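*Asks:* With the input below, show me the fold.
(chains A and B)
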Number of protein chains: 2
Amino acid sequence: MKELEEKILADGRVFEGDVLKIDNFLNHQIDVELCGKIGEEFHRIFSDRTVDKILTVEASGIAYAVTTAQQFGNIPIVYAKKGNAKNMDKDRYTADAISFTRGGPVTFTVAKEYLRPGEHVLIIDDFLATGEAVSALIEIARQAGAEIVGCGTVVEKSFQPGRKRIEAQGIEVCSLARIREMTPQGIEFED
Amino acid sequence: MKELEEKILADGRVFEGDVLKIDNFLNHQIDVELCGKIGEEFHRIFSDRTVDKILTVEASGIAYAVTTAQQFGNIPIVYAKKGNAKNMDKDRYTADAISFTRGGPVTFTVAKEYLRPGEHVLIIDDFLATGEAVSALIEIARQAGAEIVGCGTVVEKSFQPGRKRIEAQGIEVCSLARIREMTPQGIEFED
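*Replies:* Residues are numbered from 1 along each chain as shown, chains lettered A, B, ... in the order given. All right, here's what the predicted structure looks like:
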């Protein structure tokens, strides 16, 4: 997605430890116009499939899940919660992931009543790097017996193993910007 | 907002300890069509003011911030993060809140570069009860020198002190459903 790549080149800063800072438009401040176009793009890519529900994870996937769901005719979204809150159902699916940004393990949780066997679920998230978050969402969808339509991620670090991990499970991955290499001197995308 | 009140009556369940469970459409699963209408309603209420930016907090405010921002012509949103992540700026505003659902203190954080003096900020969140979260957002906006246009919350427990706390700071509060009383036997709204 050309506009997204241009935005990353214009605003992105790369720090030691493979940290790409684009939180001025992606996941702290959000460029709502671009967020809407990202939803349109995910819809374009997956529009020939049946999609009943969008599955994402709090917090940074939610905005893109909303704009994608709008394009699919206001289908519901479900976001996995992190950790255990006292007002959550006891009847829940859980899967563990290692958080890159928080530097530790985190449990993803979805109440069983919100993911049903046979539902066609499209997974949406902001970043694909190690694939930890998306793999946990896949595990939860499979526990529920849902059909995973595919996985759409906004930005992918293609030099990290996330895509391989997910494709190895038979899931199609579409990323709107695929970063092949990044250093403090520059960012290069896959062709 | 009549449709929202009807949804709460149809789907809401009340548990001991003033817990209202409406996470089948508000903040775990999201009814995206209703979420869009909520954005339209916040826009209708605040459309005569200048609003440059929506301020909310992860995770459950984000969806409503997005649909509200769309109605204001795709203005940016900023969401406060909870806790400290290693990829966040050192240069940040912080404020503490007690989390009702998580049962402990939590630090809200916004990078300084995303809230500027004089910006007209509309605060949006899903719930207003004790007013802890909104008060922390107000504190952050004031640290930044931003102008707070008002505060829109989707569901308010009006028997709790949140509204009074916020109005005492000179901030206008609009809630789309105001619950006067709730017990496992029923839910009553303010007239």
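
*Asks:* Spell out the secondary structure type for the residue nearest the centre of chain A.
*Replies:* Centroid-nearest residue in chain A: A:Asp125, 1.2 Å away (criterion: C-alpha atoms, centre = their mean). Three-state call for A:Asp125 (DSSP: H, G, I helix; E, B strand; the rest coil): strand.

*Asks:* Tell me if I'm right that it and A:Glu58 touch.
*Replies:* No - look at A:Asp125 against A:Glu58 with C-beta atoms under 8 Å: they stay out of range, at 10.7 Å. In short, each C-beta sits where N, CA and C put it, glycine included.

*Asks:* picking that back up, residues contacting the nearest residue to the residue nearest to the centre of chain A once chain neighbours are set aside?
*Replies:* Sequence neighbours aside, A:Gly61 is the residue nearest to A:Asp125 in space, at 4.4 Å (criterion: C-beta to C-beta, 6 or more residues apart in numbering or on different chains). Shown in contact with A:Gly61 (C-beta atoms under 8 Å, 6 or more residues apart in numbering or on different chains): A:Tyr79, A:Ile124, A:Asp125, A:Asp126.

*Asks:* Swap in 10 Å and give it another go.
*Replies:* Residues in contact with A:Gly61 (C-beta atoms under 10 Å, 6 or more residues apart in numbering or on different chains) are A:27, A:54-55, A:68, A:77, A:79-80, A:123-127, A:133-134, A:137, A:153-154, B:59, B:62.

*Asks:* before we move on, what about A:Tyr79?
*Replies:* A:Tyr79 neighbours (C-beta under 10 Å, 6+ apart): A:54-59, A:61-62, A:65-66, A:108, A:110, A:114, A:124, A:137, B:27-30, B:59-60, B:62-63.

*Asks:* run the last query once more with 7 Å
*Replies:* A:Thr56, A:Val57, A:Glu58, A:Gly61, A:Ile62, A:Ala65, B:His28, B:Ala59 (C-beta atoms under 7 Å, 6 or more residues apart in numbering or on different chains).

*Asks:* Count the residues that sit near the closest residue in space to the second one that isn't next to it in sequence.
*Replies:* If you skip the residues right next to it in sequence, A:Val57 has A:Ala80 as its closest partner in space, 4.3 Å away by C-beta to C-beta, 6+ apart. Here the count is done by other C-beta atoms under 10 Å in any protein chain shown, and A:Ala80 has 28 residues near it.

*Asks:* what distance separates the longest helix that chain A contains from the centre of its chain?
*Replies:* Assignment by DSSP state H gives helix A:32-46 as the longest helix of chain A. Relative to its chain's centre, helix A:32-46 lies at 13 Å (C-alpha atoms, centre = their mean, to the nearest Å).

*Asks:* With stretch A:20-34 instead?
*Replies:* The answer for stretch A:20-34 is 14 Å, by C-alpha atoms, centre = their mean.

*Asks:* Can you name the residues in contact with it?
*Replies:* So stretch A:20-34 is contacted by A:3-4, A:7-8, A:11-15, A:60, A:63, A:126, A:154-155, A:182, B:66, B:69-70, B:74-79, B:81, B:87, B:111, B:114 (C-beta under 7 Å, 6+ apart).
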